[in-house]
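>>> prediction below, plus the sequence it came from.
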Amino acid sequence: MAEYYAHIMAALKRDPTLSYNDFQRLMWALSRIDAPPPLPWQREFVAVSVPKLRHLRARALSELVWALACWGCRPSPEWLAAFFNASGPRLGDARPEHISCTLSALSKLE
């Protein structure tokens, strides 16, 4: 799995990087496998995700924070602030299941 995660990280850092839709699909997929990424990979992933946050829709944001919660990842206060800045304005467009997924994930991050 380590080699697979290395390929994913390379794709995330490549220019041009993954589209925002592909990034969302990746989050959904990674949150559902039984082999969470190693902690150093998670830290690097959190750092790579920050500039993408403001471009993601409510569903993608909920899947991103859900993936982090599934992995047991604890993002920094700075990442959480960027997440709240990106997700707050999208609450009006969010479907109820995305809001509940986000709230559930955030409760697991505490």
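Looks like it came in fine.
>>> could you say what helices and strands the lowest-mean-pLDDT helix or strand in the chain packs with?
The helix or strand of the chain with the lowest confidence, counting by mean pLDDT, DSSP states H and E, is helix 20-30 at a mean of 80. Contacts defined by 3 or more Cβ pairs under 8 Å, 6 or more residues apart in numbering; DSSP states H and E place helix 20-30 against helix 2-13, helix 58-71. In short, each C-beta sits where N, CA and C put it, glycine included.
>>> how far off centre is the first one?
Per Cα atoms, centre = their mean, to the nearest Å, the displacement of helix 2-13 from the mean C-alpha position of its chain is 15 Å.
>>> mind giving me the packing neighbours of it?
Using 3+ Cβ pairs under 8 Å, 6+ apart: helix 2-13 touches helix 20-30, helix 39-53.
>>> and it, what's its mean pLDDT?
What helix 2-13 shows for mean pLDDT is 85.
>>> pull the residues that contact it.
With contacts defined as Cβ atoms under 8 Å, 6 or more residues apart in numbering, helix 2-13 is touched by 17-18, 23, 26, 30, 37-38, 41, 44-45, 48.
>>> tell me the centre residue of the protein?
When the chain is reduced to its mean C-alpha position, the closest residue under Cα atoms, centre = their mean turns out to be residue 64, at 2.5 Å.
>>> quick one: contacts for that residue?
24, 27, 49, 53, 56, 83.
>>> sorry, back to before: farthest pair within the contacts of helix 2-13?
Maximum pairwise distance in the contacts of helix 2-13, criterion Cβ to Cβ, is 21.1 Å, between 17 and 38.
>>> mean neighbour count added to the helices and strands packed on helix 2-13, as JSON lines?
Below are the helices and strands packed on helix 2-13 laid out as JSON lines (neighbours: other Cβ atoms under 10 Å):
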{"stretch": "helix 20-30", "mean neighbour count": "16"}
{"stretch": "helix 39-53", "mean neighbour count": "16"}
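>>> many thanks, I have nothing further to ask.
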